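Engineer: I'll drop the sequence and a predicted model, then ask my questions.
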Amino acid sequence: MSRQKPLQPGASAVEPLRPAQTVSKQSSPTIRPVVFLISALAIVCLTAPFPGCSLLSPAKGEATESPVPLALRLQAPQTKKYNFSPEERISIEGRNGLRIVLHPNSLEIPEHCHTLDAYFTDYVNPLETVAANLDFLEAEQERISEGNTDSESDSSAFAENPTKQKDAKEIEQEVSKTPGPSLLESAGMFDLRIYCGQEEVHLKKGQNLLVSPPRTVPGEEFGTYVRTEDGWKQEGRQKPSRNSYIFRGKVKLQQENAGGIRVLDMDEGFVQFSSPTANYSLRLEPGQKRRVLFAAPQHIPEEMVFQSSGDPGIRRVEDISLASIPEAAKGDSLVAISRSDIPPELFTERCRILVQVIRSDSGMPQAGAGRLFLNGAPEVSANGRFCLSEAILGESTDITIGLDRQDSSGETNRGYRIQQEDRGKLVILSSKRSQERTGGGEIVISENSSGPGDPSADSRQDAGLATIPRTGMWNFDYPRFDLACLTIPVRGAVSGYMATVLSLDRFSAYTQYQHSPGASLNTAFLQGERSRVLVFSLDQKSYGVSSDFLVWNKYGHFKIQDSPCQVIAEIQLKPLPEYALSDPKRFRKDLGL
């Protein structure tokens, strides 16, 4: 069997080229340290024109018309170089959970090649992509010829049918029927190129990269897109949910929680995905209903039902609040911590009381297909959940539930006795102990919170694996059609300016240029998203950042005649500090991005 080798950046790691999208066909696989960063950028882009060198020659479809300011380019991520043998099964780990696996002998390589070089860059936030001169536009979109009426030239590549202009009311009536202008929303992107010396090598026909998608933002709606000369093009088996219902919301926790939240699908065998933050995004297909459990360490989980209806698209859901688990429920005994009505579709003769047993430390259901005990007899359960039927309740008025035979038979005080008030309820019981099945089929009570199969462990079964058919630049994207028009007033620009709208909670951005220094700029962005605008003067001597604002939920676009536009607070430009070039990390703190 071949072994899997986690790749670590070697001593020959590529110097921090910025922007660093790709490294290809260099005069030497190892780039020597550079003294002047801008000189290195110019040399690399002029002598080895690869797709990442869009500073000098923007790719068709990119939302740019001028070089990105140097102070902004310095915010781009570094490219890392890895050395490996083609006979090894290797994995490359990026940020936010991104993991790429390459199987042995899956590359088309020359016979003389015994060592390969992989160049890898990943992007985890909008600022990094803008700094690397990347956009969020689909390749299929046609350019709009009319242009921004407030700008001498326009860099937009939003899609629109090339027919006569329609007013905002007509567009709003038709937006659910025919796709209009769109902007991609990303869950993370990466660029991977592999070389044998100076020759780029590719995957064999039928071979794929196995990719664990990043968890930059939560969600199930993202598809795989590859970067082309025309923009991002959907490719691969993982397709975006264009006609799905996307429910998005936030979970509020009573106490601080470093472990994030867990979202469990109660109808599909507890298929779970996790979010490092308290935000979540759920996908439903037309006519689908999902029962979902929201859980977090040290908190009482809550079950909710989501159902698709009306037009597809993004739905905003009210915040969900999870209360802390009481101290009395954090011991060895089973304690009732919550009662709620059984969902109507589950309330039958066979299910008069629905019991759910969780771990108090993780807030998660007991793991696996273990057994609980009723009055000393085993009761089959799935992930700590089972029903008490009318027949069982009629046989005895004294029923005790336990994690083992002794607890449920009354030999200890750690079991839970069913109460009259439990009828018709989903009763959540808590204990710090867990049950695990051993190889012999027995139940073992454990004090560990992250044992084998425990959903409280940080599992990756939630995101699944994406199969990527070739190397290159890839993006996990979801197309958004719910756009709003924005008006950005800017003061202090003497040579025109570029303005970029960046999402603070999601992963998307859009850049436009204004060549009339005293004029405002109209643009478009994603409805309902908390955002910020970053402005640089075209002479690269000044910059400005807006305060945080929430994009309103009125459909509009700067290309649409009479479209309503949300006017944000005026942005005053100020001189670019010297440390913006010498200390990029310090400057990024100033930007607050």
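Structural biologist: That came through fine.
Engineer: any idea what residue 188 is bridged to?
Structural biologist: residue 476 (DSSP bridges).
Engineer: use 41 as the first number for this chain going forward.
Structural biologist: With the count now opening at 41, the last piece we talked about shows up as residue 228.
Engineer: backbone dihedrals for the most centrally placed residue in the chain, please?
Structural biologist: For the chain, residue 257 is the residue whose C-alpha lies nearest the centre (C-alpha atoms, centre = their mean; 2.4 Å). With angles defined as degrees, to the nearest 10, residue 257 sits at phi -130, psi 150.
Engineer: likewise for residue 622?
Structural biologist: Dihedral angles (degrees, to the nearest 10) for residue 622: phi -90, psi -20.
Engineer: and it, what is it in contact with?
Structural biologist: Applying C-beta atoms under 8 Å, 6 or more residues apart in numbering, we find residue 622 in contact with no residue. C-beta: built from backbone N, CA, C; applies to glycine.
Engineer: still on that earlier bit, relative to residue 619, how far out is the residue nearest to the centre of the chain?
Structural biologist: Residue 257 is 30 Å from residue 619, where distance means C-beta to C-beta, to the nearest Å.
Engineer: try residue 511
Structural biologist: As judged by C-beta to C-beta, residue 511 and residue 619 stand 37 Å apart.
Engineer: helices of the protein, start to end?
Structural biologist: 77-87, 110-113, 166-171, 208-214, 430-435, 445-448, 619-622, 624-631 (DSSP state H).
Engineer: so where's the stretch 241-390 of the chain uncertain?
Structural biologist: 298, 309-317 (pLDDT under 70).
Engineer: can you show me the strands along it?
Structural biologist: Assigned by DSSP state E, counting those that start in this stretch, the stretch 241-390 of the chain shows strands spanning 249-252, 263-268, 271-274, 285-293, 301-305, 311-315, 319-324, 329-335, 342-347, 353-356, 360-362, 375-381.
Engineer: okay but the residue nearest to the centre of the chain is in contact with residue 227, surely?
Structural biologist: Yes: at 5.4 Å, residue 257 and residue 227 qualify as touching, with contact defined as C-beta atoms under 8 Å.
Engineer: quickly list what's touching both of those two.
Structural biologist: residue 547.
Engineer: in the stretch 91-240 of the chain, which spans are strands?
Structural biologist: 120-124, 129-133, 139-142, 147-148, 156-163, 223-236, 239-243.
Engineer: averaged pLDDT, the shortest one. What do you get?
Structural biologist: Computed over strand 147-148, the mean pLDDT rounds to 92.
Engineer: check the offset of that strand from the chain's centre.
Structural biologist: Strand 147-148 sits 31 Å away from the centroid of its parent chain (C-alpha atoms, centre = their mean, to the nearest Å).
Engineer: list of residues touching it?
Structural biologist: With contact meaning C-beta under 8 Å, 6+ apart, strand 147-148 is reached by 126, 156, 234, 241-244, 247.
Engineer: now which of those would you call buried?
Structural biologist: The neighbour count (16 or more other C-beta atoms under 10 Å) marks 126, 156, 234, 241, 243, 247 as buried among the contacts of strand 147-148.
Engineer: touching, the fourth one and residue 235? I think so.
Structural biologist: Yes: with contact defined as C-beta under 8 Å, residue 241 and residue 235 form a contacting pair (6.6 Å).
Engineer: overlap in contacts of the two?
Structural biologist: Jointly contacting residue 241 and residue 235 under the rule C-beta under 8 Å, 6+ apart are residue 156.
Engineer: could you dump the strands of the stretch 91-240 of the chain to a markdown table with distance to residue 251?
Structural biologist: Below are those laid out as a markdown table (distance: least, C-beta to C-beta, whole Å):
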| stretch | distance to residue 251 |
| --- | --- |
| strand 120-124 | 16 |
| strand 129-133 | 10 |
| strand 139-142 | 5 |
| strand 147-148 | 16 |
| strand 156-163 | 11 |
| strand 223-236 | 8 |
| strand 239-243 | 13 |
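Engineer: tell me which of these sits nearest to residue 348.
Structural biologist: For these, the distance to residue 348 is smallest for strand 223-236, at 19.6 Å, taking C-beta to C-beta.
Engineer: need the contact list for residue 619.
Structural biologist: Residue 619 touches 626-627, counting by C-beta under 8 Å, 6+ apart.
Engineer: gap between it and residue 566?
Structural biologist: 32 Å.
Engineer: swap in residue 609?
Structural biologist: 19 Å.
Engineer: the two - which one has more neighbours?
Structural biologist: Neighbours were tallied for residue 609 and for residue 566 using other C-beta atoms under 10 Å; the higher tally belongs to residue 566 (23 against 11).
Engineer: look up which residues are beta-bridged to the more buried one.
Structural biologist: As for beta bridges, residue 566 partners with residue 523 under DSSP bridges.
Engineer: in this structure it contacts residue 590, no?
Structural biologist: No: counting by C-beta under 8 Å, residue 566 does not reach residue 590; the two are 10.8 Å apart.
Engineer: what's the neighbour count on residue 563?
Structural biologist: Residues near residue 563, counting by other C-beta under 10 Å: 28.
Engineer: show me the contacts for it.
Structural biologist: 188, 525-526, 528, 539, 541, 550, 552, 598.
Engineer: from those, pick the one nearest residue 150.
Structural biologist: Each of the contacts of residue 563 was checked against residue 150 using C-beta to C-beta; the closest is residue 550, at 42.4 Å.
Engineer: not counting its neighbours along the chain, what's nearest that closest one?
Structural biologist: Nearest non-adjacent residue to residue 550, counting by C-beta to C-beta, 6 or more residues apart in numbering: residue 541, 5.2 Å away.
Engineer: please report how far the one you found lies from residue 112.
Structural biologist: On the measure of C-beta to C-beta, residue 541 and residue 112 end up 14 Å apart.
Engineer: ok, now residue 608?
Structural biologist: 20 Å.
Engineer: residue 549 too?
Structural biologist: Going from residue 549 to residue 112 by C-beta to C-beta gives 12 Å.
Engineer: now do residue 432
Structural biologist: Taking C-beta to C-beta as the measure, residue 432 and residue 112 are separated by 67 Å.
Engineer: so which of these two has more stuff around it?
Structural biologist: With neighbours defined as other C-beta under 10 Å, residue 432 and residue 112 compare such that residue 112 has more, 26 against 17.
Engineer: was I right about the more buried one contacting residue 170?
Structural biologist: Yes: the pair residue 112 / residue 170 is scored as a contact, 6.8 Å apart, by C-beta under 8 Å.
Engineer: beta partners for the closest residue in space to residue 124 that isn't next to it in sequence?
Structural biologist: Distances taken as C-beta to C-beta, 6+ apart put residue 130 closest to residue 124, at 5.0 Å, once the chain neighbours are dropped. Assessed by DSSP bridges, residue 130 has beta-bridge partners residue 45, residue 142.
Engineer: wait, residue 130 sits on residue 145?
Structural biologist: No: the pair residue 130 and residue 145 does not pass the contact test of C-beta under 8 Å, sitting 11.9 Å apart.
Engineer: quick one, which of the two is more surrounded?
Structural biologist: Remark: of residue 130 and residue 145, residue 130 carries more neighbours, 21 against 12, as counted by other C-beta under 10 Å.
Engineer: and the more buried one, how close does it get to residue 243?
Structural biologist: Distance, residue 130 to residue 243, by C-beta to C-beta: 14 Å.
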